[in-house]
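Participant: okay, predicted coordinates and the sequence, questions at the end:
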Amino acid sequence: MTAKFCPRCKNELSCSSQDISACKCTSIKLSENTKEFLQKTNYDCLCNSCLVDINSKTAYISELGISEELKEDRDFYYENGFVVFTELYHMIKGKCCKSNCRHCAYGFKMR
């Protein structure tokens, strides 16, 4: 096993990508919506906690339905006079804008 760090939460994780059947991530049952979302991201391996969190957020988004109305605290918050969009908002949006957003749900970071 190779020691890696989860690119989303920065916690250490053990990765068995050489033998995926031995990897701990295979114990998480991901929904089809989560699998589709993860295919749009720049993430490599994610820890189980992040996989569970993303899975619950995609389930929540499915329950929300389509709405054009933004809600404070769920979709955005104010900081020093600026609007900051949440990770959930970016997930709902459905694609990465590659603008180096603080709460990018897609793992995009400018280099």
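Facilitator: Good, I have the coordinates.

Participant: only alpha carbons, please: show the helix or strand of the chain with the lowest mean pLDDT as CSV.
Facilitator: Using mean pLDDT, DSSP states H and E, strand 2-5 stands out as the lowest-scoring helix or strand of the chain, at a mean of 76. Extracted C-alpha coordinates of strand 2-5, given in CSV (Å, rounded to 0.1, in the frame of the first residue of the first chain):
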residue,chain,number,x,y,z
THR,A,2,1.1,3.5,-0.8
ALA,A,3,0.6,6.3,1.6
LYS,A,4,-1.3,9.2,-0.1
PHE,A,5,-3.3,12.2,1.0
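
Participant: do you know how far the residue nearest to residue 13 when sequence neighbours are not counted is from residue 59?
Facilitator: Using C-beta to C-beta, 6 or more residues apart in numbering and skipping residues adjacent in sequence, the residue nearest residue 13 is residue 47, 4.3 Å away. C-beta: built from backbone N, CA, C; applies to glycine. According to C-beta to C-beta, to the nearest Å, residue 47 and residue 59 sit 19 Å apart.

Participant: do the same with residue 96
Facilitator: Counting by C-beta to C-beta - residue 96 and residue 59 are separated by 21 Å.

Participant: over to residue 11?
Facilitator: Taken as C-beta to C-beta, the span from residue 11 to residue 59 is 22 Å.

Participant: one step back: need the contact list for the residue nearest to residue 13.
Facilitator: Residue 47 makes contact with 6, 8, 9, 11, 13, 25 under the criterion C-beta atoms under 8 Å, 6 or more residues apart in numbering.

Participant: among those, who's most crowded?
Facilitator: residue 13 (21 neighbours; other C-beta atoms under 10 Å).

Participant: that's a strand at that one, yeah?
Facilitator: Yes: Residue 13: assigned to a strand according to DSSP: H, G, I helix; E, B strand; the rest coil.

Participant: go through stretch 44-55 and flag the buried ones.
Facilitator: Using 16 or more other C-beta atoms under 10 Å as the test for burial, stretch 44-55 gives 45, 46, 47, 48, 50, 51, 54, 55.
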